[in-house]
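>>> got a predicted model here, sequence first, then my questions.
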Amino acid sequence: EAGWYVAPGGFDTPDLLKVSMDKPRYRIGETAKARIEPRFPGLALVMVLDDRLIAMTPVEVPEEGATVELPVTTDWGPGAYVTAVLFRPMDISAKRMPARAIGLTWAGVDPQERELDVKLAVTEKTRPRGPLDVSVAIGSAKAGEEIYLTVAAVDAGILNLTRYEAPAPDKWYFGQRRLGIEIRDLYGQLIDRMQGVPGIVRSGGDGPLMRLEGPPPTQELVSFYSGIRKVGEDGRATLSFDVPDFNGTVRVMAMAWSRKGVGHAVRDVIVRDPVVVSAALPRFLAPGDRSRLLIDLAHVEGPAGDMVLTVETSGVVAVDAVGASRRIPLPERARRQVLVPIEAVAVGDDRMTIRLTTPDGQVFSKVLSVPVRSNEPPVVRSSVVALTPGGQGLTVSADLLADLVPGTGSVLVSVSGAGRLDVAGVIRALDRYPYGCSEQLTSRALPLLYLDKLALSVGLEGDGDAGDRVKELLAGVLAKQSSGGGFGLWGAGGDDLWLDAYVTDFLTRAREQGYEVPVVAFDMALDNLRNRLSYAPDFQSGGQDIAYALYVLARNGRANIGDLRYYAEAKRDAFATPLAKAQIGAALALYGDRLRGDALFRSALAMLQEGDDPGGWRSDYGSALRDGAAILTLAGETGSAAVDIPVLASRLEEQWEQTGFTSTQEKAWMLLAAHALMEGAAKPRLAVDGGQVEGAFYRSLDAASLASAPVTIRNLGDQPTDATVLVSGVPTAPE
């Protein structure tokens with residue numbers, strides 16, 4: 001078959017020839033018998049093939065077929081293909097074109113001692129909520145032979161979803177392999193002597209068999225793995241898995257190996273109660289939602305009659321008194337369905353327990369998890385409290401969460417010495433950012449290189465391990481690098497010099513902080529910046545990408561000082577943003593030219609103060625707030641005396657508070673600016689609940705901890721400092 005614009009290729013396809021073997025497997029030294037059943041008589045070329053030609057013999061094949069004997073040698077390896085090509089010449093009197101037919105079949109070779117005889121001993125049926133004992137015996141084990149194995153026990157429904165096949169290393173090593181030889185001929189180009197045109201050779205065909213997929217599992221997921229275990233000297237190993245509340249089929253799969261052989265075994269175990277209890281729940285609920293729990297009861301064995309069904313919850317979901325406990329008649333081999341009304345009353349995860357008591361006193365239980373989530377979006381309220389030396393301080397109590405839905409509220413307190421910027425809160429906002437282009441990944445990772453571990457532990461989701469998070473984001477950024485060294489936003493490679501410089505800046509800083517950055521990828525990134533600068537066009541207004549690339553090269557000692565001085569003197573007024581000027585100034589400062597560097601910093605500050613930020617999109621992903629934070633960061637890192645850091649920091653704090661929405665660029669550079677401020681400022685001295693705290697203080701508090709005891713913070717230092725209180729949660733009255 002062929003599609004559009006492609007000519008059919010059926011003319012070149014040979015007829016089918018049936019070839020079969022008398023046995024599926026042979027031992028070395030035996031004689032294999034291949035049966036050829038043709039559609040026409042002729043001369044057959046019988047070949048034994050693997051990834052090479054092993055043997056070849058011609059055989060005359062009559063119309064009724066022929067049997068060919070082939071000696072099995074060590075050259076056959078784990079098996080080989082027996083192939084027959086049958087030829088029939090042209091018959092002009094019968095007006096019949098030449099024909100050929102090809103057939104092949106696999107002939108396996110018995111691996112003998114290389115295949116371990118693995119036997120699984122498990123019960124055919126067992127009960128849930130108990131141990132599943134598995135015994136493995138290696139029948140072919142020899143004294144002193146080291147044998148290892150792994151055992152897995154998995155719900156068969158899960159395996160059906162992906163058509164998972166049990167691990168069978170013996171079939172892999174000793175099973176049928178793909179034919180490693182191609183067979184070509186010119187039959188499709190033969191000239192029809194009767195008509196003088198290329199002949200048409202009749203061909204046959206076949207289609208693949210349809211494969212069925214199993215239904216998705218409805219029971220609790222079960223998946224166990226033993227890890228690598230050593231088999232005892234007697235060739236036996238015993239393991240046990242604790243089966244949870246589960247009804248269904250568990251497939252036990254064992255795989256064993258030694259220096260001389262491999263093997264496997266598979267057994268299915270039915271796991272079920274005498275009365276099977278299954279349940280269907282809504283995927284999630286919101287507070288106030290009402291729904292129904294569908295409970296299905298199926299009697300399989302054991303006493304029948306009146307069953308007592310109870311449903312208990314942990315309080316997040318409520319069940320009415322009628323549905324919580326009832327008596328249900330269940331005859332032998334019968335099925336019953338019960339609907340239990342439920343209502344979500346709070347936010348959280350409810351642990352629902354269903355218990356069924358049989359007439360003989362047996363109790364079967366099923367535990368379900370019901371998530372309850374609020375549909376209202378959370379709100380974030382930030383406030384700044386000035387802590388004066390020796391003053392009353394700040395008391396954080398549960399009253400801050402009074403108007404929030406229980407279970408959704410939290411309070412984040414930060415006293416960092418970085419002014420009114422909520423460092424941990426901004427880290428949390430960046431960490432929760434849902435998208436992952438190169439700019440966003442870099443903005444999330446860049447501050448993690450420097451900031452206080454306490455702030456990171458409070459701001460990051462999960463375990464708060466900044467090192468692992470940086471490595472993960474680093475891998476995500478490098479995945480978008482092209483072979484030329486540039487970086488794309490969503491895929492490999494792009495044509496954005498500013499983005500290339502931003503990502504390479506992150507790679508440079510990561511190397512400086514001790515992270516492992518692949519040398520080849522890093523050199524390619526720097527070479528890309530240098531090559532792009534070599535062909536950079538002249539500009540009358542712009543140059544943001546050129547300035548950033550020069551700064552990154554200077555930070556790595558690869559910039560040309562002549563280029564820096566040219567742009568500082570000839571293009572100072574042509575740069576379109578304050579940050580571009582500051583980056584040239586920082587590059588000059590890194591090379592020791594502080595006079596020109598400070599002049600560029602002063603020009604950048606003047607442009608920042610005079611400029612009117614329209615708030616629109618910029619090709620360098622920037623804004624006045626981002627530029628100001630980056631200038632403060634660069635001035636702090638290079639020690640420029642041209643920037644009054646406290647004055648600039650105060651201005652940035654005002655801009656930050658007046659900005660309703662901040663981009664990833666603004667968040668990242670504000671955090672770097674906060675780090676620069678904290679490095680140069682005096683560390684706060686605080687009293688928290690009577691205990692002294694030296695340095696920055698960050699703490700995340702929930703309603704439960706605040707209800708037990710409020711938190712009091714006082715300033716023990718001689719300088720005033722600011723505390724930022726961030727309250728987040730879902731309001732009880734939607735805004």
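Structure received.

>>> what's the per-residue pLDDT of residue 435 here?
Note for residue 435: predicted pLDDT of 82.

>>> check the secondary structure at it for me.
Of the three states, residue 435 takes coil under DSSP: H, G, I helix; E, B strand; the rest coil.

>>> again with residue 294
Under three-state DSSP, residue 294 comes out as strand.

>>> wait, isn't it in contact with residue 341?
No. Using Cβ atoms under 8 Å, residue 294 is not in contact with residue 341; the gap is 11.1 Å. Every C-beta, even on glycine, is put in place using the N, C-alpha and C of the backbone.

>>> strands of the stretch 401-550 of the chain, start to end?
Per DSSP state E, counting those that start in this stretch, the stretch 401-550 of the chain carries strands over the ranges 410-415.

>>> now residue 664: how far from residue 148?
Taking Cβ to Cβ, to the nearest Å as the measure, residue 664 falls 49 Å from residue 148.

>>> one more: residue 448?
From residue 448 to residue 148 the distance is 41 Å (Cβ to Cβ).

>>> repeat that for residue 490.
44 Å.

>>> ranges for the strands of the stretch 201-350 of the chain?
So, for the stretch 201-350 of the chain - with DSSP E, counting those that start in this stretch - the strands run 223-225, 229-230, 236-243, 248-258, 262-271, 275-280, 290-299, 305-312, 317-319, 325-330, 335-344, 348-357.

>>> highest average neighbour count across those?
strand 248-258 (a mean of 22; mean count of other Cβ atoms under 10 Å).

>>> next, the angle from it to strand 262-271.
Counting by axes from the mean of the first three to the mean of the last three Cα atoms, to 10 degrees, strand 248-258 lies at 160 degrees to strand 262-271.

>>> so residue 133 sits against residue 237, correct?
No. Judged on Cβ under 8 Å, residue 133 makes no contact with residue 237 at a distance of 11.7 Å.

>>> ok, residue 448 and residue 148, which is more surrounded?
residue 448 (22 against 13; other Cβ atoms under 10 Å).

>>> where does the residue lying farthest from the centre of the chain land on pLDDT?
In the chain, the residue that sits farthest from the middle, by Cα atoms, centre = their mean, is residue 93; the gap is 69.0 Å. With respect to pLDDT, residue 93 scores 74.

>>> I'd assumed it was in a helix, is it?
No. Using three-state DSSP, the assignment for residue 93 is coil, not a helix.

>>> quick one: residue 703 and residue 401 touch, right?
Yes. The pair residue 703 / residue 401 is scored as a contact, 5.1 Å apart, by Cβ under 8 Å.

>>> can you list residues touching both of those two?
409, 410 (Cβ atoms under 8 Å, 6 or more residues apart in numbering).

>>> sketch out the low-pLDDT regions of the stretch 601-735 of the chain for me.
Residue ranges of the stretch 601-735 of the chain with pLDDT under 70: 612-615, 680-682.

>>> oh, that last question was meant for the stretch 351-500 of the chain, not what I typed.
Ranges of the stretch 351-500 of the chain meeting pLDDT under 70: 419, 452-464.

>>> what about residue 692, how many neighbours?
9.

>>> look up phi and psi at residue 488.
phi -100, psi 160 (degrees, to the nearest 10).

>>> now the nearest residue to it once chain neighbours are set aside: how far from residue 531?
Excluding the flanking residues, the one nearest residue 488 by Cβ to Cβ, 6 or more residues apart in numbering is residue 494, at 3.6 Å. Going from residue 494 to residue 531 by Cβ to Cβ gives 15 Å.

>>> the more surrounded of those two?
residue 494 (17 against 13).

>>> and that one, how far from residue 539?
With Cβ to Cβ as the criterion, residue 494 and residue 539 are 20 Å apart.

>>> how about residue 26?
78 Å.

>>> the two: who's more crowded?
residue 26 (21 against 14).

>>> pLDDT wise, what is that one at?
So residue 26 comes in at 94 (pLDDT).

>>> need the nearest residue in space to it, chain neighbours excluded.
In space, residue 26 is closest to residue 72, 4.6 Å off (Cβ to Cβ, 6+ apart).

>>> now for residue 607: which residues touch it?
577, 578, 581 are the contacts of residue 607 under Cβ under 8 Å, 6+ apart.

>>> how about the secondary structure of it?
helix.
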